[in-house]
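Colleague: okay, structure incoming, though there's no sequence with it:
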């Protein structure tokens, strides 16, 4: 066979070349490889006409050729990049943490460094020494966190100067991408690194996110940890979890175990508070802050009490065509004071579990005529409004109800964060311009300022980029994060799931995601963007390929925001996509392997 099972078992998964070897191992184990007539030599590569290509004479391994000939760092650093052409075998690293301030920051830095040390190194190479100098003892990510770094390599000595441990972690990610694997180099020296390199780097946008919907489809924390590792490779720093919806309530909370008991898909498909706390700590070690979302006042159903004279949720009869945008239906009943009390308890647990300074309250797709103003689907609420003299023929009645519910809920949220001793930097809410019932639009500028304080709220825009409500909000002084459905919804472009036919939105490829923003879009209130992984048609086996490499494209756009478009990035994307797969991030294949082995633009037209 072309490779041996023994070699497969010891196959490193740290480089582009190793990715190909790993694929060969998989084929062998599946019985899909052929039998070679003779020995198959390792190909050698050289820089030919500005791109890496196979050569017959002496050359280098593919990794080294790609780095030295084309450049292979992802995301592209925003500042100075000087990488030498000479490579030397590099051994297992040791770390000097004396320049890291504070015990907590030092402990976090050690956990971050352990990820780099887990990569493969040469047993015969000079021991690498990595010295950190970190300017802050900060251990939480905020919109003001300094994620910049300066990386310097001189022989086997590496120095990292960073504004925070998160910047130092980014430097280690860049350093890991400088390691080249050459299977023909001989035992003990197969991993090498440039003997001289300098990289000065910092992000353009502070919010670089991915949202995963874990309510419609449950994803284990192990799967989510793989998503986090992929995010760390791309210097993405916010994982937004859409935790609950009408379909399920997977939070197994100490304060209200009845919610998961009635609302989880199964006993195995739940997150305990301990699970969430451990996962949030893991994510932070990869430079990722976890943001919880409890969607409200719509998108509430399973788990909540829908029975009795004054239920917690209304409009759960199943006629979702009028009651909701998709099955199943359900919205909170604002006439039941127990709803806000229970939300307060939920906030108390989650504030302590995630230790995040940002929280998302959903806030979109409310149905009035089909739900809140329906005597059939919400009799308890309409009876309450009639009894208290509210005019149900006026839409203002329902906008006031919605606004008052939001204000009261956010008050409970602020109380919870204060009790936890946790700063609350931003409350996030979905926003967009559409033809439906839209509180944010209906309120007007003065109403928005009253209900959504500008210093506290940050809006996440789901509407189309052309004509988006984002411009209005930024003009009014609100911070915004972009998640335009026509550019950043990762679930789009598949078969329909409520009827035969196509999905409601078309697929976008990584080039479109890469070009979602340009330097011309700069605004001090535009804080970044987020790829939205809605899970109606995405499951545990597909979440990674649906997320990557498109989230990687977003990562580079948000990190360095280059003047160039996707085409200039294409050669590096092909390298990085193979790198992600080599490290266990099942990123969707973008081109045949031949293209990578024959250099920049050998296939891309």
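Modeller: Perfect, I can see it now. The structure presented is a predicted model; accordingly, all values stated were derived computationally and were not measured.
Colleague: can you check which helix is longest in this structure?
Modeller: helix 395-419 (DSSP state H).
Colleague: list of residues touching it?
Modeller: 296-297, 332, 334, 340, 343-344, 347-348, 350-351, 359, 361, 363, 366, 368, 372-373, 385, 390-391, 423-424, 427, 437, 439, 442-443, 447, 451-452, 456 (Cβ atoms under 8 Å, 6 or more residues apart in numbering). C-beta here means a position set from N, CA and C on the backbone, and glycine is covered the same way.
Colleague: again, only using 7 Å
Modeller: The contact list for helix 395-419 (Cβ atoms under 7 Å, 6 or more residues apart in numbering) reads 296-297, 334, 340, 343-344, 347-348, 351, 359, 361, 363, 366, 368, 372-373, 385, 390-391, 424, 427, 439, 442-443, 451.
Colleague: mind listing the strands for the stretch 101-250 of the chain?
Modeller: Per DSSP state E, counting those that start in this stretch, the stretch 101-250 of the chain carries strands over the ranges 126-134, 149-154, 157-162, 180-181, 191-194, 196-201, 207-213, 238-244.
Colleague: now the second one and strand 196-201, what's the angle there?
Modeller: Our comparison of strand 149-154 with strand 196-201, counting by axes from the mean of the first three to the mean of the last three Cα atoms, to 10 degrees, yields an angle of 180 degrees.
Colleague: over to the third one?
Modeller: With the same axes, to 10 degrees applied, the angle from strand 157-162 to strand 196-201 works out at 10 degrees.
Colleague: okay, angle between strand 157-162 and strand 126-134 too, please.
Modeller: Using the same axes, to 10 degrees: strand 157-162 against strand 126-134 is 20 degrees.
Colleague: so how many other residues sit close to residue 254?
Modeller: For residue 254, the neighbour count with other Cβ atoms under 10 Å is 11.
Colleague: also the one 4 residues further on?
Modeller: The local packing count at residue 258 equals 13, with neighbours defined by other Cβ under 10 Å.
Colleague: and the helix or strand that contains it, what does it pack onto?
Modeller: Under the criterion of DSSP states H and E, residue 258 resides in helix 257-263. Applying 3 or more Cβ pairs under 7 Å, 6 or more residues apart in numbering; DSSP states H and E, one finds that helix 257-263 makes contact with strand 251-252.
Colleague: can you give the contact residues for the strand it packs on?
Modeller: Against strand 251-252 from outside (Cβ under 7 Å, 6+ apart): 243, 244, 259, 260, 270, 271, 272.
Colleague: max pairwise distance over the residues you listed: which two?
Modeller: The largest separation in the contacts of strand 251-252, counting by Cβ to Cβ, is between 244 and 272 at 14.7 Å.
Colleague: for these two, indicate the residue with more neighbours.
Modeller: residue 244 (28 against 15).
Colleague: can you tell me how far the residue nearest to the more buried one when sequence neighbours are not counted is from residue 358?
Modeller: For residue 244, ignoring the flanking residues on the chain, the nearest one in space by Cβ to Cβ, 6 or more residues apart in numbering is residue 215 at 5.2 Å. The gap separating residue 215 from residue 358 is 19 Å, by Cβ to Cβ, to the nearest Å.
Colleague: for beta bridges, what are the partners of residue 314?
Modeller: residue 331 (DSSP bridges).
Colleague: gap between it and residue 377?
Modeller: Taken as Cβ to Cβ, the span from residue 314 to residue 377 is 6 Å.
Colleague: also residue 410?
Modeller: Counting by Cβ to Cβ, the gap from residue 410 to residue 377 is 27 Å.
Colleague: then residue 69?
Modeller: 64 Å.
Colleague: quick revisit: between residue 314 and residue 377, who's got more neighbours?
Modeller: Higher neighbour count among residue 314 and residue 377: residue 314, with 29 against 22, using other Cβ under 10 Å.
Colleague: quick one: contacts for the more buried one?
Modeller: With Cβ under 7 Å, 6+ apart, residue 314 has these contacts: 331, 333, 371, 377, 378, 380, 381.
Colleague: hmm, 8 Å instead?
Modeller: With Cβ under 8 Å, 6+ apart, residue 314 has these contacts: 306, 330, 331, 332, 333, 371, 372, 377, 378, 380, 381.
Colleague: so what's the residue count around the last one?
Modeller: Pointing back at residue 381 there. Neighbours around residue 381, by other Cβ under 10 Å: 27.
Colleague: that one against residue 331, yeah?
Modeller: No. Shown here, residue 381 and residue 331 do not form a contact pair, counting by Cβ atoms under 8 Å, at 9.1 Å.
Colleague: overlap in contacts, these two.
Modeller: Common neighbours of residue 381 and residue 331 (Cβ under 8 Å, 6+ apart) are 314, 372.
Colleague: so which strand or helix has residue 445?
Modeller: Counting by DSSP H and E, residue 445 is part of helix 439-451.
Colleague: off-centre distance for that helix?
Modeller: 30 Å (Cα atoms, centre = their mean, to the nearest Å).
Colleague: now the element after that helix, going C-ward?
Modeller: Helix 439-451 is succeeded, C-terminally, by strand 457-461 (DSSP H and E).
Colleague: ok, residue 540 - contacts?
Modeller: Contacts of residue 540 by Cβ under 8 Å, 6+ apart are 217, 219, 220, 223.
Colleague: now render those as JSON lines, adding distance to residue 54 and pLDDT.
Modeller: Listed next are the contacts of residue 540 as JSON lines, based on distance: Cβ to Cβ, whole Å; pLDDT from 0 to 100:
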{"residue": "217", "distance to residue 54": "43", "pLDDT": "98"}
{"residue": "219", "distance to residue 54": "41", "pLDDT": "98"}
{"residue": "220", "distance to residue 54": "42", "pLDDT": "98"}
{"residue": "223", "distance to residue 54": "37", "pLDDT": "98"}
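Colleague: could I have the buried ones of those as ChimeraX selection syntax?
Modeller: The buried residues among the contacts of residue 540 can be selected in ChimeraX (16 or more other Cβ atoms under 10 Å) with this line:
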select :217,219,223
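Colleague: now flag whichever of the contacts of residue 540 is closest to residue 472.
Modeller: When these are compared against residue 472 (criterion: Cβ to Cβ), the nearest one is residue 217, at 33.7 Å.
Colleague: against residue 125, how distant is the residue nearest to that closest one when sequence neighbours are not counted?
Modeller: Nearest non-adjacent residue to residue 217, counting by Cβ to Cβ, 6+ apart: residue 535, 3.7 Å away. Taking Cβ to Cβ as the measure, residue 535 falls 44 Å from residue 125.
Colleague: compare those two (neighbour count), which wins?
Modeller: residue 535 (23 against 19).
Colleague: element containing that one?
Modeller: Going by DSSP H and E, residue 535 is not in any helix or strand.
Colleague: tell me, how many residues neighbour residue 452?
Modeller: With other Cβ under 10 Å as criterion, residue 452 counts 25.
Colleague: so it sits right up against residue 479, yeah?
Modeller: No. In this structure, residue 452 is not within contact of residue 479 by Cβ under 8 Å, at 11.1 Å.
Colleague: where do the contact lists of the two overlap?
Modeller: Joint contacts of residue 452 and residue 479 (Cβ under 8 Å, 6+ apart) are residue 459.
Colleague: the residue nearest the centre of the chain bridge partners, please.
Modeller: By Cα atoms, centre = their mean, the chain has its centre lying nearest to residue 210, at 2.6 Å. As for beta bridges, residue 210 partners with residue 239, residue 531 under DSSP bridges.
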